[in-house]
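A.B. asks: the following block contains a protein sequence and its predicted model.
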Amino acid sequence: MGDENTVLDEAAARHLVRRTGFGAREREIEGVVGRTRGEAADILLGFRPKGFRPSGSTIETARGKWVKNMVKTKVPLQEKLVLFWHDHFATGYAKVLDVKRMAIQNKMLRLMCKGDMRVLMKAINKDPAMMDWLDTVRNRKFRENENYARELQELFTLGVYDVNGVANYNQADIVQIARAFSGWDFDDDNNTPFFRDSQHDYRSEFPGRGSKTIYGPTRGGFPAAQSFAQPEGETEIDQVTDIIFRHRDSDGKNTVARRTTKRLLEYFCSGVWATIDATKKAVIDDLILTSNFDVDFNVQSLLRAIFTHDAFYASGAAAPFGSSTPRSVKWPIDFVVSTLRMTGVKGKGRDQVIEGGTFSSLESHLTSMGQVLLDPPSVFGWDWEESWVSSATLLARYTFARDLVTVRSGGGRFKPEKLIDLTLTAAPDLVDAVLAALGVTDEFTAFERNVLITYMGGPSATLDVLNDTDLRERKIGGLFALVLQSPVYQTH
Amino acid sequence: MAITRRQFLERTGAATAGALFGPSFFSNPLLRSAMATTIGDRYFITFFLDGGNDGLNTVIPVSNGSTGTLRGAYENARRSGSGGIRLTPGDLGASGIGDDFATGTPLALHPGFLGFQGNPAGAGGLWALANAGEVAVIQGCGYPSYSLSHEESRLIWQTANPLAVTNAGWVGRALTASGYTGTDVPAVNISSALVPDFAGSSTSVLAIQELEDFGFPYDDDHPEDQLAKRTAVNSLNQLAKPPVGQQGTLQYVGNSGVITLLSSESYPQLHDAYVNNLARRVYNNLYGQIGRGTARDLREIAKVIFGVERAAPNVSARFFQLSNGGYDTHSDQGAAETGGQHYQLHAEVGASIKVFRDDLRDMGQQLHGDPAHIWNRTTIMIWSEFARRIEQNENGTDHGSQGPMFVIGGKVNGGVYGNHPNINEPAWDSEGNSVYHHTGDDHDSTDLRDVYGTVLKHWVNLPAGTVASLLPTDTVPGGGDPDEYWTTADFDLERPSDSEPLFKP
């Protein structure tokens, strides 16, 4: 059992860096090894959010810029968090059809990625891309549109059911919240949100729609239904948001705090957190207690609690993995970016193409793997874990690996001489060098290592990869590709 | 008092609810006896309209008919003029499909189902098939205590279980019950991901976007290394695969890797065989002229079927899935104008299915000397997670309750099935939706499990007892009123006008 004062050994440091960033480079590990979990978490979380905005004349350019930023960033955790929120507040270019608005939202997620979640939620309420995506701009007093009111509760904050399977809200709550959002719009030219009083649903005009209240003793654990019309008008959406963040589940615990904590555990640890039992509930509540997240909703404090908790390090056990070791399928973007960071292969130009070989743009690779950034499949975002895995997406990952190591010309090409010592000749030494270069030595079992050695000709084979160019291309490139295509490498 | 899904979850806990399909389920002798005698040489395709298709603007009351009030109710709920989505009798003049049996209301398909204006590919659309008696329009399909959440409702349709969260999809369970195991590949999803309807089976389901790109990527500059590479890839996947003591996620990736490698050696050739065949090339071009996702996806299915029919090695898929998105028409839905969102979606579906059917008929002539040979062994079932609100909003529709399904094929007894939901305002529930019920009035609903069950029993040929155990319909776990919660389905869906079965013998 450890706590924030537990000193990180190399394995724990590697796990922390891998899960909070993209791959684990030696110098990143050196930055935290030997420090306590608390010190390490503070180092990783101490960044000042950057105002980077992935824009451009086309959405492809914007995606390319974001990927490039992830590959080059010195604060990968910031981008990991932007990805989390992008999935959480999933907004898609397919409907928004405005690169600038997508970029504005992306920048906002970056600036607010570890702050007060209530502030972030209120900003999302008025974010032009989101207002278009979930039809807030089409929500008028005579023709109300429930889309945003539903997803605000279902996806962004409460969830349909709480941890005990009890409904958090009902249709009446959706209808009332939709009233609060009626009349909001944004200026097409400067993307400034504004409130149109004449399109807002006021009680005096629609007495038949009831009082502007939500929840009560049976939903949200409130003593009585909560009014969000004090006063009516422009501030109603903030009042609604504040009420939602005070909602309590059937255990009397803060609903948003528990659900957000669970989601972050799923994201940073593994899919086992998708289902909750009493033990996991206790961990979630422990994290909330430590971080005060149900009071302050400070994401940084919550993340610090997670990154210092045993639950986080439980998913970092080294190979061989037992049946109870939590493992997590890497998101396609994590697979791609961490591989590029570990190999030093660089994309070029707007579309982040790697010259030579058969390589096409990173966007096209990611599309085949099932993750088109800035265009999630729906408002639910992407399905995680095993849902990332299918014959189609595995082949896409295999293809990326093959393409990467067969880029044999151009400035950003694959350069094994920079990754391993080419004077090594023994097959086992070359295998170990490649595993180390990709930062996965601890994740491969002896059996898997033996498969790779067999591929290289067996335990006693020697390969003159320094002087035999053809052999180097074939076997070193092949070895890198094999590791990248292995089942182990698809998970972390 | 009726039990609700939520009460059920509260009572038993979401986790234990999955035990409905626990290990003992698969040791059911009825299931074992069903093995390997089922779908035979037939094909079954599920087609998902993602986002909640507006049923009321898919199958539309043209007039009130003899005893009905549906057209009047439709006009009250759907406005004309700016932002209005009402379809006029004039809009519906060329796409009639017959009457709602109980009320005598003449019905028509949305005019988009006639295909794209000015594009000869797929002209006539789905309506042409309906006119040929190959389309069963099953009205008012749903389940009790509906959910308006896309995710929850989709999952209910995918698992056919309104009561509880189950991991295995309804097709996945049917694949297990059909006796498929390990390295059989009886099903293909035209998708980047395995879809939940097909998940959780005892066998392997492929996800393929384009067959052409389904080969294993070897280093083309070094073919001499290919064998060593293949051996290593296979070994790494096999190592991850053994179930004993192995980590679950890793095991899943390993299993998927094994079947991916095997299939990557047989499926890509199906693309070449199809596009290089002179007869098929005509249809290849027609799909291309439509140029939409549905046409492309159906073309991939046609390529696989062409391969199966020609006994391509290691290709034996019988179950397929495709989907089309864009149905969440909260705004700018459009009425009959050809550029409208809903019109375009229906045109895409209609024209693509028309080309697919013509392709399979021509394929039957080419390979077997009989245009009906393959098409008569093919059924397509179209579903959506819900329909939309009866009353329109500013220029679109919010989420609603039950809606129509389509069952299409050479052996389908075409026509109108089920009952049109009661869309008269006094019949709306407090949320403005029609109410799922089985009270014996003119608007009784059709349970989605009755449609699935009829397909499984009469098309996939699973024994009645097996179908009943796959689709929970006759007992209420934890108690409750079966009339409220469960359909009285016998999985023998009939055309109400003449009691003919859904499928011809």
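C.D. replies: Received, thanks. All values derive from a computational prediction rather than experimental measurement. Numbers count the residues shown, from 1 in each chain, chains lettered A, B, ... in the order given.

A.B. asks: is stretch B:38-48 positioned near chain A?
C.D. replies: No: using Cβ under 8 Å from any Cβ of the partner chain, stretch B:38-48 never reaches chain A; the gap is at least 12.5 Å. For every residue, glycine as well, the C-beta is placed using N, CA and C.

A.B. asks: how far does that stretch stretch from start to finish?
C.D. replies: Terminal residues of stretch B:38-48 lie 24 Å apart, using Cα to Cα, to the nearest Å.

A.B. asks: what's it in contact with?
C.D. replies: Stretch B:38-48 is contacted by residues B:171, B:178-179, B:195, B:197, B:301, B:305, B:318-324, B:349, B:377-384, B:455, B:459-462 when judged by Cβ atoms under 8 Å, 6 or more residues apart in numbering or on different chains.

A.B. asks: what about the strands in chain B?
C.D. replies: Here chain B has its strands, by DSSP state E, at B:43-49, B:59-61, B:96-100, B:105-109, B:135-142, B:187-190, B:205-208, B:319-324, B:378-384, B:403-409, B:415-417, B:446-447, B:494-495, B:500-501.

A.B. asks: distance between the fifth one and the chain's centre?
C.D. replies: For strand B:135-142, the distance between its averaged C-alpha position and the chain's averaged C-alpha position is 12 Å (Cα atoms, centre = their mean, to the nearest Å).

A.B. asks: same question for the first one.
C.D. replies: Its chain's C-alpha centre lies 4 Å from the corresponding centre of strand B:43-49 when counted by Cα atoms, centre = their mean.

A.B. asks: residue ranges with poor pLDDT in the chain?
C.D. replies: Picking chain A for this. A:356-358 (pLDDT under 70).

A.B. asks: switch to chain B, that's the one I care about
C.D. replies: B:1-37, B:163-167, B:182-183, B:242-246, B:473-488.

A.B. asks: in it, where's the longest helix?
C.D. replies: Assignment by DSSP state H gives helix B:341-368 as the longest helix of chain B.

A.B. asks: flag every buried residue along it.
C.D. replies: B:341-364, B:366 (16 or more other Cβ atoms under 10 Å in any protein chain shown).

A.B. asks: orientation of it relative to strand B:43-49 in degrees?
C.D. replies: If you take axes from the mean of the first three to the mean of the last three Cα atoms, to 10 degrees, helix B:341-368 sits at 170 degrees to strand B:43-49.

A.B. asks: picking that back up, which one of the strands of chain B lies nearest to residue A:25?
C.D. replies: Ranking the strands of chain B by proximity to residue A:25 (Cβ to Cβ) places strand B:205-208 first, at 33.1 Å.

A.B. asks: partners of the closest one, with directions?
C.D. replies: strand B:187-190 (parallel) (DSSP bridges).

A.B. asks: then the strand it pairs with to PDB, C-alphas only?
C.D. replies: Output of strand B:187-190 as PDB, limited to C-alpha atoms (Å, rounded to 0.1, in the frame of the first residue of the first chain):
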ATOM      1  CA  ALA B 187     -20.500 -12.600 -40.000                       C
ATOM      2  CA  VAL B 188     -19.100  -9.400 -41.500                       C
ATOM      3  CA  ASN B 189     -19.700  -5.900 -40.300                       C
ATOM      4  CA  ILE B 190     -19.100  -3.200 -42.900                       C
END
